[in-house]
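**Student:** predicted model, plus sequence, below.
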Amino acid sequence: MRKGPGGRRPPLYALSLACLVPFPNGLGLKLGNGKLGHGSDERRHMTREAGSEEGREGRSEPGLAEAEALLETAVEAAREAGAYVKGMLGRAKQLETKSSTVDLVTEVDIESGRRIVRALRGRYPDHKLVVEEPAMIDGVDDGTSDISWIVDPIDGTTSFVHTFPCFSISIAARRDGPNGSQQLLAAVVYNPALEELFAAATGRGATLNGEPVRVTKTPDIAHALLGTGFPYDRGLTLRRQLAILAEIMKTAHDIRRTGSAAYDLCMVACGRTDGYWELAMKPWDLSAGTLILREAGGRMTNLEGQEWVSPEPDVVASNGVLHEELLETVVRGEAAGVERLY
């Protein structure tokens, strides 16, 4: 079989315009290990060797045990919500808009979020909640813990509405410390349409359906398949993004778009893509995918090259090897776009 960029073998996936979609099982392709992210399977495969060096440093065994317990809860919540969301695919009836006419929310987003919140608060009643849809937490009191759950009940609602199978449920647990310090502890990104569950606990590596994943070693963007997305703001933010895209396309091997930032980050984590950038993001878009990426050996920064912390909105993510080149190209493209504007 021909090897792809960076020497890796291309997976048996059909490339659509925006998403990597597996062939149906009738063609003999096995999806993961068939476990679909049971907590015990995720924990068993999360060895220290699978995680990044950065993720392993300074982690005590009690801290690892806490992260694994949080992960088990997140997996259960994601699987429960995912079963509901998958069952409602193509059946959403209440379609509303938020920040713009292309920023959608449905009754399925809200119900998925409520199911997640019930599962999380059932296990951790004092934990805080950071959520995309305020209706998810109607009647739920504020928590008092230093741990927050960052939840997007459907990341990629437009894809969900159009039955395009690239949307995800994103759940992350984060400890907030003094002076604004943050530590991501556990994360799940679940695409129920494709039955792909990505998971990570700090210091334990990242998995897809229970099997360890790692980023590629692709050395430069000339050989890289990159991911990105486009903003709800069709004004200045879109012009910034288009300027960056024009600059990147001069060099990059090619671009893919799934419509779910969380899923995009997991594509880098598991080696299907080599890098990703996007603008004007929210904490629930990025938190879970960031931990999964880092635990798979990748890197995510802001446009100044500083390691990402919430709520930084503009990000560049990569396999780490080509990060500086990708970051420089993004910054150069944005600067060129600003010059044209003024």
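**Tutor:** Done, it's in.

**Student:** what residues of the helix or strand harbouring Y84 count as buried?
**Tutor:** Per DSSP states H and E, Y84 falls inside helix 61-87. Under the neighbour-count criterion of 16 or more other Cβ atoms under 10 Å, helix 61-87 has 63-64, 66-82, 84-86 buried. In short, each C-beta sits where N, CA and C put it, glycine included.

**Student:** that one - contacts with which helices or strands?
**Tutor:** For helix 61-87, the elements it packs on are helix 39-45, helix 107-123, strand 147-155, strand 168-176, strand 182-191, strand 196-201, judged by 3 or more Cβ pairs under 8 Å, 6 or more residues apart in numbering; DSSP states H and E.

**Student:** so where's the stretch 1-150 of the chain uncertain?
**Tutor:** In the predicted model, the stretch 1-150 of the chain carries pLDDT under 70 at residues 1-62.

**Student:** roughly how far does A77 sit from G333?
**Tutor:** To G333, A77 is 38 Å away according to Cβ to Cβ, to the nearest Å.

**Student:** for S181, same thing?
**Tutor:** As judged by Cβ to Cβ, S181 and G333 stand 32 Å apart.

**Student:** ok, those two, which is more surrounded?
**Tutor:** Taking other Cβ atoms under 10 Å, S181 and G333 do not tie; G333 has more neighbours (22 against 9).

**Student:** what is the neighbour count of the residue nearest to that one when sequence neighbours are not counted?
**Tutor:** Spatial nearest neighbour of G333, excluding adjacent residues (Cβ to Cβ, 6 or more residues apart in numbering): E247 at 2.9 Å. Neighbours of E247 under the rule other Cβ under 10 Å: 20.

**Student:** element containing E247?
**Tutor:** helix 236-248.

**Student:** repeat that for L291.
**Tutor:** Judged by DSSP H and E, L291 forms part of helix 283-295.

**Student:** ok so, going back, thinking the residue nearest to G333 is in contact with V331, fair?
**Tutor:** No: E247 is not in contact with V331 according to Cβ atoms under 8 Å; the separation is 9.4 Å.

**Student:** flag the shaky bits of the stretch 201-342 of the chain, pLDDT-wise.
**Tutor:** 338-342.

**Student:** so which of the helices and strands packed on helix 61-87 is the most surrounded?
**Tutor:** Between the helices and strands packed on helix 61-87, strand 196-201 has the highest mean count of neighbours, a mean of 31, where neighbours are mean count of other Cβ atoms under 10 Å.

**Student:** show me what it is packed up against.
**Tutor:** helix 39-45, helix 61-87, strand 182-191, strand 206-208, helix 261-269, helix 283-295.

**Student:** would you list these in CSV and tack on distance to T218?
**Tutor:** Converted to CSV, the helices and strands packed on strand 196-201 look like this (distance: least, Cβ to Cβ, whole Å):
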stretch, distance to T218
helix 39-45, 24
helix 61-87, 29
strand 182-191, 22
strand 206-208, 18
helix 261-269, 10
helix 283-295, 15
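
**Student:** of the ones you listed, which is nearest I221?
**Tutor:** In terms of Cβ to Cβ, the element of the helices and strands packed on strand 196-201 nearest to I221 is helix 261-269, at 12.9 Å.

**Student:** got the CA positions of the very next helix or strand once past the closest one in PDB?
**Tutor:** Where DSSP H and E defines the elements, the next helix or strand beyond helix 261-269 is strand 275-278. Extracted in PDB, the C-alpha atoms of strand 275-278 (Å, rounded to 0.1, in the frame of the first residue of the first chain):
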ATOM      1  CA  GLY A 275      -2.500  20.200  12.000                       C
ATOM      2  CA  TYR A 276      -5.400  22.500  12.500                       C
ATOM      3  CA  TRP A 277      -6.200  26.200  13.100                       C
ATOM      4  CA  GLU A 278      -9.400  28.200  13.800                       C
END
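
**Student:** what lies in contact with strand 275-278?
**Tutor:** 221, 224, 226-229, 241, 244, 248, 261, 264-265, 267-268, 314-319, 322-323, 326, 330 (Cβ atoms under 8 Å, 6 or more residues apart in numbering).

**Student:** cool, and stretch 136-145?
**Tutor:** For stretch 136-145, using Cβ under 8 Å, 6+ apart, the contacting residues are 110, 113-114, 116-117, 121, 124-129, 131, 151, 153.

**Student:** what's the most distant pair in the residues you listed?
**Tutor:** Longest span within these, Cβ to Cβ: I110 and D126, 23.6 Å.

**Student:** what is the neighbour count of K282?
**Tutor:** 16.
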